[in-house]
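In: need a 3D model of the following:
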Amino acid sequence: MNRLIVISGCSGGGKSTLLAELGRRGYPVVEEPGRRIVAEQTRSGGGALPWVDMTAFLHRVIELARRDLKAASPSDKWIFLDRGLVDAMAALQHVTGEPLLKALAGEAQHYHQLAFLVLPWPEIYIQDSERRHGLADAMAEYSRLLEAYPALGYDVCIVPKATVVERADFVLGALRTRMRKLFA
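Out: Model prediction:
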């Protein structure tokens, strides 16, 4: 059984905070590839940044997301990922117009069947040095992901707007319910 759980959805919707809570509860967490690329490119003075060269940035994000998948060791615990390959491929498809998601559809599912998406949440959305795009762009991204995950065969579970503790409880509860249904 695939124990790699992707948490995706709207940029600035509280994914990182949710993942921090899951990590605090003892679950392995994989940090968002895009933020890691931005940090690395900023340190090295590179140009593969979304506000400099979006295509180069997304190619690096895809490469890192694939490495994350290979590095994820089999575990008896859920492993939570802050975004992943589907997000990066959907973004690159949007930027280039290339049918990248069709190519991805030919591959085996990379993550657990149940993909979690956080809703756009204007009240908590903030821009920072790594998130320079506005809320409208984040909401458009969310709409693309809401289409991409089901198109690739994932069951999307929308994480409600709630406290971080309630959100973590929701995610873990949804996974437990899915497991009970599978083995019933």
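In: just say helix, strand or coil for residue 13.
Out: Three-state assignment for residue 13 (DSSP: H, G, I helix; E, B strand; the rest coil): coil.
In: lowest-confidence helix or strand of the chain?
Out: helix 100-105 (a mean of 83; mean pLDDT, DSSP states H and E).
In: and the contacts of stretch 157-177?
Out: By C-beta atoms under 8 Å, 6 or more residues apart in numbering, the list of residues contacting stretch 157-177 from outside reads 5, 7, 9, 14, 17-18, 20-22, 25, 78, 112, 114-119, 121. C-beta here means a position set from N, CA and C on the backbone, and glycine is covered the same way.
In: now, the residues you listed that are in helices?
Out: 17-18, 20-22 (DSSP state H).
In: out of those, who has the most neighbours?
Out: Among the ones in helices among the contacts of stretch 157-177, residue 18 has the most neighbours (other C-beta atoms under 10 Å), with 25 neighbours.
In: what sits against that residue?
Out: Shown in contact with residue 18 (C-beta under 8 Å, 6+ apart): 7, 118, 159, 164, 167-168, 171.
In: surely residue 158 is within a strand?
Out: Yes - according to three-state DSSP, residue 158 belongs to a strand.
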